[in-house]
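[1] Coordinates for the following, if possible.
(chains A and B)
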Amino acid sequence: QKEVEQDPGPLSVPEGAIVSLNCTYSNSAFQYFMWYRQYSRKGPELLMYTYSSGNKEDGRFTAQVDKSSKYISLFIRDSQPSDSATYLCAMSEGGSNYKLTFGKGTLLTVNP
Amino acid sequence: SQTIHQWPATLVQPVGSPLSLECTVEGTSNPNLYWYRQAAGRGLQLLFYSVGIGQISSEVPQNLSASRPQDRQFILSSKKLLLSDSGFYLCAWSPGFNYGYTFGSGTRLTVV
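    Coordinates of the predicted model:
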């Protein structure tokens, strides 16, 4: 079983739709969870950062972490064509364990 | 504010030629620095990380090396490139291990 699994998509939605992106993981020691957005031929950009279980909201974006199920989600409300990108989940154990483990990314297209 | 610079943006090199990619960070001191490679379908692979000048840790044995000659400068090198070294190389920094990373804009390397 891979340490972090993410549906590669592609995912295509109409403008204004609610988008749900998900990752599952196997390492119960992960405590820090992140979502990155990567536009084509650009570096990833940090969107959301959460610690442990719970929800975090930032504008149209909501990140959810369910450590009991080893499952994290990113919701995008009122999706816009500018949200079209690859979304990568990432997580780490924290402390002295430096390593950030990434999912392979989900390609999202929002159609106007 | 902190900024990260990475160059060149694109590079085409023949097999067996040397490589030098440079990354610099501004607006912070003693950052953690990282080199990643992103290959199609394989996600982000951590190559090297550094917690200070002259301190380099390697994640994956390969014909690449990294150096940190100054606090905010990180260099990725190779003496002889292989075809398999082609990919998108990303530099990143973080203020510590329990933080998200900020990525540079990347270098797309094609070895021919």
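[2] tell me the centre residue of chain B?
    Centroid-nearest residue in chain B: residue B:35, 3.1 Å away (criterion: C-alpha atoms, centre = their mean).
[3] now that residue, which residues is it bridged with?
    Note on residue B:35: beta-bridge partners residue B:48, residue B:91, judged by DSSP bridges.
[4] quick one: low-confidence ranges for the chain?
    If you meant another chain, say so; for now it's chain A. Judged by pLDDT under 70, chain A has its weakly predicted residues at A:1, A:96-98.
[5] that's the wrong chain, I wanted chain B
    Scanning chain B with the threshold set as pLDDT under 70 gives B:61.
[6] Might you enumerate the residues of chain A proximal to chain B?
    With C-beta under 8 Å from any C-beta of the partner chain as the criterion, chain A meets chain B at residues A:32, A:34, A:36, A:41-46, A:49, A:88, A:90, A:92, A:94-100, A:102-105. Using the backbone N, CA and C atoms, a C-beta is placed for each residue, glycine as well.
[7] List only those of the residues you listed flagged as buried.
    Neighbour counting by 16 or more other C-beta atoms under 10 Å in any protein chain shown classes A:32, A:34, A:36, A:42-44, A:46, A:49, A:88, A:90, A:92, A:94, A:98, A:100, A:102-105 among the residues of chain A next to chain B as buried.
[8] Would you map the strands across chain B?
    B:3-7, B:10-13, B:19-26, B:32-39, B:43-52, B:55-58, B:64-70, B:73-78, B:87-94, B:102-103, B:107-111 (DSSP state E).
[9] actually chain A, not the one I typed
    A:4-6, A:11-14, A:19-25, A:32-38, A:45-51, A:54-58, A:61-66, A:71-76, A:85-92, A:101-102, A:106-111.
[10] which one of those lies closest to residue B:85?
    Residue B:85 lies closest to strand A:101-102 among these, at 19.9 Å (C-beta to C-beta).
[11] Which elements pack onto that closest one?
    Packing partners of strand A:101-102 (3 or more C-beta pairs under 8 Å, 6 or more residues apart in numbering or on different chains; DSSP states H and E): strand A:85-92.
[12] So what touches the strand it packs on?
    Residues from elsewhere that reach strand A:85-92 (C-beta atoms under 8 Å, 6 or more residues apart in numbering or on different chains): A:4, A:6, A:21, A:23, A:25, A:27, A:30-40, A:44, A:47, A:72, A:74, A:98-108, B:43-44, B:97-98, B:100.
[13] Going by neighbour count, which of those residues are buried?
    A:4, A:6, A:21, A:23, A:25, A:30-38, A:44, A:47, A:72, A:74, A:98, A:100-106, A:108, B:43-44, B:97-98, B:100.
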